[in-house]
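Q: have a look; sequence and predicted model below, questions after that.
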Amino acid sequence: MQNLVTERRIVALLILALSAGLVVSTFGLQFAELGGAFSPMFFPRIILMILLALAALNMVIDMMTNVESKELRLAPTLLICAGFVGYVLLIMPLGYFISSVMLALLILITLGIRSPLVLLVLPIASAGSLVVLFNHILKMPLPNSPFFWWI
């Protein structure tokens with residue numbers, strides 16, 4: 001008989017519940033009526049809906065696959081969750097780039113990635129590409145770093 005409670009399924013259910021809650025919370029918020037893509041909730045709502053769809057797909061796939069029962073390891077999950085709380089608290093004082101690189105490093109190290117090249121390139125390239133996209137191409141500024149004006 002297949003074990004219904006696994007670490008992957010618990011995390012998938014939590015991500016699904018959180019993303020559904022975040023999507024629901026974006027509706028009913030009152031902002032200046034700028035219309036369509038100019039609304040401050042337009043892009044976050046799109047990203048949250050994509051996250052919700054991917055979380056639902058992940059949950060369906062996890063329920064359909066036969067997974068061996070493993071020991072639950074909650075420490076990495078809790079550490080990453082604490083990292084996200086720290087990220088939310090640090091994004092305004094440190095800016096998007098620095099806090100995103102720190103979060104990416106925490107996640108990679110927690111997941112067991114030890115390659116120095118990956119630990120150096122992946123967080124900087126992913127956060128940097130988003131800074132370039134939003135700050136310089138779309139002209140939609142992310143929180144700035146107090147140390148460097150260009151990031």
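A: That came through fine. Computed from a prediction, not measured in an experiment: that's the story for all the values here.
Q: ok, and what's touching the helix ranked longest in the chain?
A: Using DSSP state H, we find that the single longest helix of the chain is helix 42-64. For helix 42-64, the external contacting residues (CB atoms under 8 Å, 6 or more residues apart in numbering) are 6, 8-9, 12-13, 15-16, 19-20, 22-23, 26, 36-37, 140. Bear in mind the C-beta positions are built from the backbone N, C-alpha and C, glycine included.
Q: check contacts around the spatially most central residue of the chain.
A: Geometric centre of the chain, nearest residue: Phe84, 7.9 Å, by CA atoms, centre = their mean. The contact partners of Phe84, by CB under 8 Å, 6+ apart, come to Leu103.
Q: what of Ser100?
A: Contacts of Ser100 (CB under 8 Å, 6+ apart): Tyr87, Ile91, Pro123, Ser126, Ala127, Leu130.
Q: returning to what we had before: and of the contacts of helix 42-64, the nearest to Ser115?
A: Arg8 (23.8 Å; CB to CB).
Q: now that closest one: closest residue in space, sequence neighbours ignored.
A: Once flanking residues are discounted, Arg8 sits nearest to Asp62: 5.4 Å by CB to CB, 6 or more residues apart in numbering.
Q: separation between the one you found and Ala17?
A: Distance, Asp62 to Ala17, using CB to CB, to the nearest Å: 14 Å.
Q: with Phe97 instead?
A: 30 Å.
Q: who has more neighbours, the two?
A: The neighbour comparison of Phe97 against Ala17 (other CB atoms under 10 Å) goes to Phe97, with 24 against 12.
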